[in-house]
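**Student:** need a 3D model of the following:
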Amino acid sequence: MVDRAFPLSRRSLLGGAVAFGLGGLAALKTATAAPPRRVAVLDWGLAACCVALGCVPVGVPAPSWGTRYAGAPALPAGVVDVGLLFTPNFELLQALEPDAILITPGLEAMRGPLERVAPVVTVTLDRPGAGVLERAGSETRRLAALLGLEAAAETLAARAEAALEEAAATLAPLADRPVWLVNILDQRHVNVFGSSSLHHAVLGRLGLRNAWNGESSMGEFVPVGLERLAGVPDARLVNVALGGFGRLTAMAANPFWQAMSFARDGRTYEIGSVLGSAGLPAVERLARLLTAALSPVEAVRG
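**Tutor:** Numbering: from 1, shown residues only. Reported below is the predicted structural model:
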């Protein structure tokens, strides 16, 4: 059952060097026979995935903000703040003496300086596009293989699949109903989760239909004006509260927002932050949050 949603053969697992960067893996293999245990992680979603696998990073940029945006699992209090996401503090990283530094493709330009501190491994848990849900599973497994935590990855995969199936069954009365999945930016604009996002893929697995069928983008979001949300009168709207709650409540003061059918009819919801870059933990978290928001009582009502 898990393999159907998150397939990954032993051959593709062993061939996962490309996903991590061949140089980073080669450096780790020659430096030590054991998996890295002291890892610095320079991305919040990636850090959350490491924690879920059982590997607590020694350092993460702005860890309190990382927990705020990734939602869960929270970064433990002992994780050292190594600076900002795209400008880490190299002296702190050096002092931590990590076995490896994990980065995303967005930080490839810093690979050279970072390699003076420790071997650098590039991990891509959030490559938007076709098959994004399957990649969340395969790349989480590859990350686990690097860390020597393969069994933990299988547990995460089973939990994610169970959450998807339970959510789909619970929300069956809403099957094929349109849902706006957005992140409210301000009183006039939202980010819509487009067809290339992990969030869109999870909606599909739950049997729900993304209300957005316009242009897509290379990333998760499509920024649009509020007027673009008016064309689907029977849609529900779920605000993914990236960074914290409150923006949905603040829209009560916006007459244009309140005139829209989803607001006027009470079909708006707000769920906690979910970063698509967190891999399997994000899949499970989003499925459970959507289930809790779009409850069976509301679904039957209509």
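**Student:** for A130, give me its contacts.
**Tutor:** S196 (Cβ atoms under 8 Å, 6 or more residues apart in numbering). C-beta: built from backbone N, CA, C; applies to glycine.
**Student:** could I get the phi/psi values of it?
**Tutor:** With angles defined as degrees, to the nearest 10, A130 sits at phi -60, psi 140.
**Student:** quick check: the gap between it and F86.
**Tutor:** 28 Å (Cβ to Cβ, to the nearest Å).
**Student:** same check on E227?
**Tutor:** Distance, E227 to F86, using Cβ to Cβ: 33 Å.
**Student:** other SSEs contacting the host helix or strand of N191?
**Tutor:** For N191, the element it lies in under DSSP states H and E is strand 189-193. Packing partners of strand 189-193 (3 or more Cβ pairs under 8 Å, 6 or more residues apart in numbering; DSSP states H and E): strand 178-184, strand 221-225.
**Student:** for these, which one sits closest to T104?
**Tutor:** strand 221-225 (16.5 Å; Cβ to Cβ).
**Student:** how about that closest one: buried residues?
**Tutor:** Residues F221, V222, V224 are the ones in strand 221-225 that count as buried (16 or more other Cβ atoms under 10 Å).
**Student:** the last one and V192 touch, don't they?
**Tutor:** Yes: because the distance of 5.6 Å satisfies Cβ atoms under 8 Å, V224 is recorded as touching V192.
**Student:** checking G219 next. Helix, strand or coil?
**Tutor:** coil (DSSP: H, G, I helix; E, B strand; the rest coil).
**Student:** was I right about it contacting S195?
**Tutor:** No: judged on Cβ under 8 Å, G219 makes no contact with S195 at a distance of 11.6 Å.
**Student:** and the two? which has more neighbours close in?
**Tutor:** S195 (20 against 14; other Cβ atoms under 10 Å).
**Student:** got the phi/psi numbers for the nearest residue to Q187 once chain neighbours are set aside?
**Tutor:** Distances taken as Cβ to Cβ, 6 or more residues apart in numbering place N254 nearest to Q187, at 5.1 Å, with adjacent residues excluded. Per-residue torsions, N254: phi -100, psi 110 (degrees, to the nearest 10).
**Student:** heads up, I number from 47, so please use that
**Tutor:** Let's use 47 as the start, then, which means that last one is N300.
**Student:** next, count neighbours for N300.
**Tutor:** By other Cβ under 10 Å, the residues close to N300 number 15.
**Student:** swap in A276?
**Tutor:** Counted with other Cβ under 10 Å, A276 comes out at 14.
**Student:** and stretch 260-279, how far out from the chain middle?
**Tutor:** The chain centre lies 20 Å from the centre of stretch 260-279; the measure is Cα atoms, centre = their mean, to the nearest Å.
**Student:** I should have written stretch 322-330 there, sorry.
**Tutor:** Centroid separation for stretch 322-330 versus its chain: 4 Å, with Cα atoms, centre = their mean.
**Student:** quick check: domain ranges of the protein?
**Tutor:** 48-203, 216-347 (automatic domain parsing).
**Student:** adding mean pLDDT and distance to L210 as columns, could you present those in a markdown table?
**Tutor:** Supplementary listing: the domains of the chain in a markdown table, determined by pLDDT from 0 to 100; distance: least, Cβ to Cβ, whole Å:
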| stretch | mean pLDDT | distance to L210 |
| --- | --- | --- |
| domain 48-203 | 82 | 7 |
| domain 216-347 | 90 | 5 |
